[in-house]
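Peer 1: Make a model of this:
(chains A, B and C)
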Amino acid sequence: MTTQRTTGRRKQALAAAAVVAALLSTAACGGGNDDDGGGSKSGAAGFNAANNKVAQADLAKKGGTLKYAGAQDADSWDTTRGYYGFMWNFSRYYSRQLVTNATEPGAKGAEVTPDLATSTAKISDDGKTYTYTLRDGSTWEDGKPITSKDVKYGIERVWAQDVLSGGPIYLQQVLDPKKTYKGPYKDKSADKLGLKAIETPDDKTIVFKLPAANSDFEEMLALTSASPVRQDKDTKSKYGLKPFSSGPYKFESYTPNKAMTLVRNPEWKQSSDPVRKAYPDKVTVNFFTNANDMDQRLIKGDYDLDIGQTGLSPQGRTTALKQHKANLDNPVSGYIRYAVFPQSVKPFDNEHCRKAVIYGADHESLQTARGGPVAGGDIGTNMLPPSVPGAEGQDYDPYKSATTNKNGNVAKAKEELKACGQPNGFKTTIAVRNNKPVEVATAESLQASLKKVGIDVEIDQFDGAQTTGIIGAPANVKKKNYGIIIMGWGPDFPSVQGYGLPLWSGDYILESGNNNFALIDDKTIDGLFDSYTKELDDAKKADISKEINHKVSEGGYYLPFVFEKFINWRSSRLANVYTSDGYSGMYDFVNLGLKK
Amino acid sequence: MARGTAAGPRAVLAYLIRRLFAAAVMLVVIILVVFCIFFLVPKWAGVDPAAAFVGKQADPAAIEAVRQKLGLADPIFVQVWEFFKGIFAGRTYAAGGDVTQCAAPCFGYSFRSEQAIWPVLTDRFPVTLALALGAAVLWLIVGVGAGVLSALKRGSLWDRGAMIVALSGVSLPIYFTAMLSLSAFVYGLKWMDGQYVPLADSFTGWLGGMILPWVTLAFLYAAMYARITRATMLEVLGEDYIRTARAKGLTEPVVIGKHAMRSTMTPILTMFGMDFGALIGGAILTETAFSLPGLGQAVLSAIRNQDLPVILGVTLITSLAVIVANLLVDLLYAVIDPRVRLS
Amino acid sequence: MTELSKSGAAVGEPVKDSSTPSAFLEVRDLKVHFPTDDGLVKSVDGLSFSLEKGKTLGIVGESGSGKSVTSLGIMGLHTAGQYGKRKAQISGEIWLDGTELLSADPDYVRKLRGREMAMIFQDPLSALHPYYTIGQQIVEAYQIHHKVTKKVARRRAVEMLDRVGIPQPDKRVDSYPHEFSGGMRQRAMIAMSLVNNPELLIADEPTTALDVTVQAQILDLIRDLQKEFGSAVIVITHDLGVVAELSDDILVMYGGRCIERGPAEKVFYEPKHPYTWGLLGSMPRLDREQTERLIPVKGSPPSLINLPSGCAFNPRCSYADVPKDNVTRTVRPELAQVGSQHWAACHMTQEQRDRIWTEEIAPKL
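Peer 2: As a prediction, the model looks like this:
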């Protein structure tokens, strides 16, 4: 009886789904077909016109309201506390740093360029001292000049993790690895500038003294968490509700999870800022809870772009690709989506068993599960994202995952199983977040292809909201027998350190909050990271990155699925649009302009 | 023999006080239960809310500090007591040289969005209330009307048609009908903008933003109410006192409109009270689908951000709504059904 | 022409002509059939009787014999407000005070209801609206037919409640039905029925829901009121004792038809139909101890869709084989005169019946 009813319900739902699909496509037709893939009547720049290049730069005019839509608010708008990629990107509207990502498309956007500083750092020969001079004329929103002390205070706030938790702590790790400084709120000195590693001999000069060289230090200074904060305007934990602006825009209003409006900061002078163009008069953000509704409104033209920059949802994507291709870009996100094999779970302690899974997997089917080559990305062949210096992309393919073995190689997999001492295969469990349907789909694909080589896999969908607690504890992983974990990772800043250190360094194996899921504790890899941080030459840094990638990939700790790509929407009103590797393939927010 | 006529004002007052007291006790129980769910269950599951809060680069010292600040280190009864105290006396959170005031009535403080919960609730509640009220008016008119007509024209084409529509209304998920109406009227025909505008900004804008959510939500309930009205009406029409009414020579409109409706509306009203109360908390899906900034949306964002204090606050306020709605129904019931004794 | 009994209640064969009768109420060949999925339910199938003002007719039968359907038919309640149900098929004639009701305008009949003809229902608790006070319900009944103010109507309601013997009527008028005892409720019901001084009062099982002492009070009340108002009264019951007390004439129904009728004392003391004997046997007697009781009426009432062939009572009749040639199972007996103003439908001869009555039945009663 109950079953019958369920079936009846399901039938109704299916029928209704068909009706909706039909309605959606007719609705989309109402919008007119303005796609020809390369520029259109509506003024859209064309498919991929802004992907790694600047679209319609000369059409950008001063003025207008730039309208963002978002499905989720930032973790915090406090420059010290934000960790979401889009927050770092967006923060440049109201916050400046000594150096920042270049406002250039593609790979150039990941390069560091002077902002408040007159030039990039003067680095001592031992790579331990960085000196900057501040530019004249840069001011806070109340007109007072931005001083080196403001920069120091802003950076010191990172040390106050007990009050300002959530943001990246690279600066703390590099400048004060022993945590001798307790943060400005517990600072006994009168000016609260007690951090020894930073010196401010005068208002225009700031000197960083690193206990040990780190060749990515300037990248870390380009992070939002290195923004200046003025001490008398520091509202501590509530700073994120209304950060005091050093950039071209300031907060007019903000209601968390609802809406936000930024208006021009009249005290900001174009002449003082070599980076920001500040085209629109106003920047608004509206938060939606229904991602599909948001996508539809983007397509309808109510909003200009998605602040989250995570790409259109499947439904919106289908409509947009059909009807509005000229409004879309298909950038690489910098994320690699992969399966990782914890070595604590037998038989994954044996590299041959790991490789058996890599060879047994149907890489094309995994790619399809991720959304196919366009929405999902190219088949992942190694562990360094294409946006990171030293990356080789599909040119480096140790398991021939994108070529000969793209549909799996059963013979090779069985060979590896024999070498592993499990000729008849084995049983294990895949852990996958239950709130990520795409990840569940990849787990199912993997399950199906591994069955062919005799590896029997059970899928365990865990509460995605509790990711850190469940798979971030190696003891729990071992207890639950999670031999395969489905995850993804993107770089905090585009370098092998910014991407791989927490994943592959033996020093980063933590009892909780662990991200080195594979539990890689390899002296060679740790040594390579050491030499990377000491190497100041970019070409040599790239070589080391390459070497680390080879070590990790060949160790068979990971089965990469895709070098992720996504479908991103830009309205026809937008001008001067380009994606930046500095922000994982997102559009560079700060220099977006409107055409009228 | 004479068993007392209609209850006097004193009886009503005593009844009211008794019910209010019961409601207060209920609320305290709910707070306890909710506390247990939100603060004990993560503990059993081995998940540390403080660690989840600190984020990607969790520093043990920071986790400990957050634990102190959130009061998670205290025993549960201390946490509950602090919470109760906060409602009446306000609360101060202090950690790491940072002091946060939460004025009374303090229903907790969100360290995610750095806001006290009470202002969030008072900001969001009117939206949810407007959604629920508007939808309720619609569904009562349409649902009860259709149900009565169906009952009077039992077996007719109208009756069959209406009941098929009602069945689909009951079985289609709200998310689905919401998407359907958005696709048709907002994205497709573009009859309206379909975005929420505060009433204070523009009445027509507000109406334009609320109309689809009202209709969509009302559709589900109207369907339910039509079915129940029809069934109840048919049952009532078979009652002896309806035959008596006719035997008195009353005209059909009076028999139906007065005698039959009076009895039909009694169970409907009870159901309405429950539904309306539950709707205050249960409009999550509708609010989500239409991106209405109500309580449901607040709780959804809170779930995404693991913002426990907001979830706790919303849960409490919606429980309160359900309790109040039930209380009103009980009182109303005593008024409309003389057989319910106020003792 | 219909022959009238002295008592004024109906006698004679069904009359086919449609001339205006002289009796106050005359029912001719009334048929009430209900179409159902299982077939046509012939609840009343060719019933005729007449009744004069000031007289009382008792209709007796088991449940399902068609007696209540008959009363609702007279009131016109089979056609009013039967939403979506399959319509009852009604034929025959019902003449009330010179007007034929079945062919009359339904609204005309509605206006008669409550004013010219009123009804007292079996269970006053379910027949009174639970959400309105007794007063409200009586006031409503009065105001439909009289253009008077609420105040006047209310005074009338109090007066009626007083008349039917409810103490403190000016207070109890504001009580709800559930605040009354069963007997009081039935008194209130009677007050409501009589509020417009109806010429015809139909009491459908007026005492069934009440306990024995209250029953007697209610019957007394009805009798007194009839004397006072001079109405024609139909009392419908399964209890022969009730009609014996109240009625001038008795009509016994079985399977939707009349099987015996005549003046009350005749039917009661010289019943001519085995079914009536059974009813008498099942009647509780207060006047004497019963040492040996008749088995009331064995078996269950017949299906109204498929009545037994021949005499509808034959499967339950202990004397079905008394008449010759199996006639009881093949031929339906017509009403035949068995005495002065007394008719019965039975195949047994007068002698057979007299013998069985005097030898077998009467001594046991």
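Peer 1: low pLDDT regions in the stretch 151-300 of chain B?
Peer 2: For the stretch 151-300 of chain B, applying pLDDT under 70 flags no range at all.
Peer 1: Show me where it has its helices.
Peer 2: Assigned by DSSP state H, counting those that start in this stretch, the stretch 151-300 of chain B shows helices spanning B:157-171, B:174-181, B:203-237, B:240-247, B:252-254, B:261-282, B:284-290, B:295-304.
Peer 1: Spell out the secondary structure type for C:Glu159.
Peer 2: Assigned by DSSP: H, G, I helix; E, B strand; the rest coil, the conformation of C:Glu159 is helix.
Peer 1: repeat for A:Leu559
Peer 2: Looking at A:Leu559 with three-state DSSP, the answer is strand.
Peer 1: quick one on the thing from earlier: let me have the helices of the stretch 151-300 of chain B in CSV, adding mean neighbour count as columns.
Peer 2: The way it works is simple: take the backbone N, C-alpha and C, and place the C-beta from them, glycine included. Compiled in CSV, the helices of the stretch 151-300 of chain B are given as follows (neighbours: other CB atoms under 10 Å in any protein chain shown):
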stretch, mean neighbour count
helix B:157-171, 16
helix B:174-181, 21
helix B:203-237, 21
helix B:240-247, 24
helix B:252-254, 14
helix B:261-282, 19
helix B:284-290, 25
helix B:295-304, 24
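Peer 1: export these to CSV and tack on distance to C:Tyr319?
Peer 2: Shown next, in CSV, are these (distance: least, CB to CB, whole Å):
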stretch, distance to C:Tyr319
helix B:157-171, 52
helix B:174-181, 71
helix B:203-237, 45
helix B:240-247, 39
helix B:252-254, 49
helix B:261-282, 50
helix B:284-290, 74
helix B:295-304, 79
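Peer 1: just checking, next helix/strand downstream of the helix or strand of chain C with the lowest mean pLDDT?
Peer 2: Using mean pLDDT, DSSP states H and E, helix C:240-246 stands out as the lowest-scoring helix or strand of chain C, at a mean of 81. Counting by DSSP states H and E, the next helix or strand C-terminal to helix C:240-246 is strand C:249-254.
Peer 1: Can I get the least confident helix or strand of chain C in CSV, CA atoms only?
Peer 2: Listed in CSV are the C-alpha atoms of helix C:240-246, where the atom choice follows Å, rounded to 0.1, in the frame of the first residue of the first chain:
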residue,chain,number,x,y,z
LEU,C,240,-46.7,-1.1,20.0
GLY,C,241,-47.2,0.0,23.6
VAL,C,242,-46.5,3.6,22.7
VAL,C,243,-49.1,3.7,20.0
ALA,C,244,-51.6,1.8,22.0
GLU,C,245,-51.5,4.6,24.6
LEU,C,246,-51.6,7.5,22.1
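Peer 1: which helices and strands sit right next to that helix?
Peer 2: In this structure, helix C:240-246 makes packing contacts with strand C:56-60, helix C:212-229, strand C:232-237, strand C:249-254, helix C:264-269, helix C:274-281, judged by 3 or more CB pairs under 8 Å, 6 or more residues apart in numbering or on different chains; DSSP states H and E.
Peer 1: Ignoring the adjacent residues along the chain, who's closest to the residue nearest the centre of chain B?
Peer 2: Among the residues of chain B, B:Ile280 comes closest to the average C-alpha position under CA atoms, centre = their mean, at 2.2 Å. Leaving aside its sequence neighbours, B:Ile280 sits nearest to B:Ala321 (CB to CB, 6 or more residues apart in numbering or on different chains; 3.7 Å).
Peer 1: re earlier: right, so of the helices of the stretch 151-300 of chain B, which gets closest to A:Ile379?
Peer 2: With CB to CB as the measure, helix B:295-304 is the member of those nearest A:Ile379 (30.9 Å).
Peer 1: Good, we can wrap up now.
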